[in-house]
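Peer 1: Have a look at this fold, sequence not included:
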């Protein structure tokens with residue numbers, strides 16, 4: 001499945017208050033990203049940094065939720081995931097060519 005297809009199909013399941021068209025997916029994204037981070041924390045705390053198959057499966061589900069919220073937020077903003085992905089990859093490859101992958105700041 002490609003990103004455009006996912007975005008189109010996932011849109012069918014986007015049910016949230018229209019007055020919260022921007023804030024709902026943004027807050028959902030933050031919450032789901034927090035759940036992914038929580039699994040990482042527990043892998044460190046409880047499992048010596050190892051990721052069990054059970055935890056890997058749970059994280060895959062949470063990452064799917066992250067993807068859903070990213071997709072809905074992009075759709076609400078009139079953006080396509082394929083375009084977002086290409087812009088991001090172009091930016092990272094440019095930074096790699098220029099030797100500035102490390103560091104901080106968006107405009108490096």
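Peer 2: Perfect, I can see it now. Bear in mind the structure is a predicted one, so any value in this text is a computation, not a measurement. Residues are numbered from 1 along each chain as shown.
Peer 1: Sketch out the low-pLDDT regions of the protein for me.
Peer 2: In the predicted model of the chain, no residue satisfies pLDDT under 70.
Peer 1: now the helices for it?
Peer 2: Under the criterion DSSP state H, the chain contains helices at 3-10, 23-47, 53-76, 81-98.
Peer 1: what's the shortest one packed up against?
Peer 2: In other words, helix 3-10. Judged by 3 or more Cβ pairs under 8 Å, 6 or more residues apart in numbering; DSSP states H and E, the packing partners of helix 3-10 are helix 53-76, helix 81-98. C-beta: built from backbone N, CA, C; applies to glycine.
Peer 1: tally of neighbours for residue 33?
Peer 2: Residues near residue 33, counting by other Cβ atoms under 10 Å, number 16.
Peer 1: residue contacts, it?
Peer 2: residue 66 (Cβ atoms under 8 Å, 6 or more residues apart in numbering).
Peer 1: circling back to that earlier point, would a markdown table of the helices and strands packed on helix 3-10 with mean neighbour count and distance to residue 108 be doable?
Peer 2: Conversion of these to a markdown table gives the following (neighbours: other Cβ atoms under 10 Å; distance: least, Cβ to Cβ, whole Å):
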| stretch | mean neighbour count | distance to residue 108 |
| --- | --- | --- |
| helix 53-76 | 16 | 23 |
| helix 81-98 | 12 | 7 |
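Peer 1: Need those helices in JSON lines (columns: distance to residue 12).
Peer 2: Below are the helices and strands packed on helix 3-10 laid out as JSON lines (distance: least, Cβ to Cβ, whole Å):
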{"stretch": "helix 53-76", "distance to residue 12": "11"}
{"stretch": "helix 81-98", "distance to residue 12": "15"}
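Peer 1: nearest residue to residue 10 other than its sequence neighbours?
Peer 2: Closest residue to residue 10 apart from its sequence neighbours, by Cβ to Cβ, 6 or more residues apart in numbering: residue 71 at 4.9 Å.
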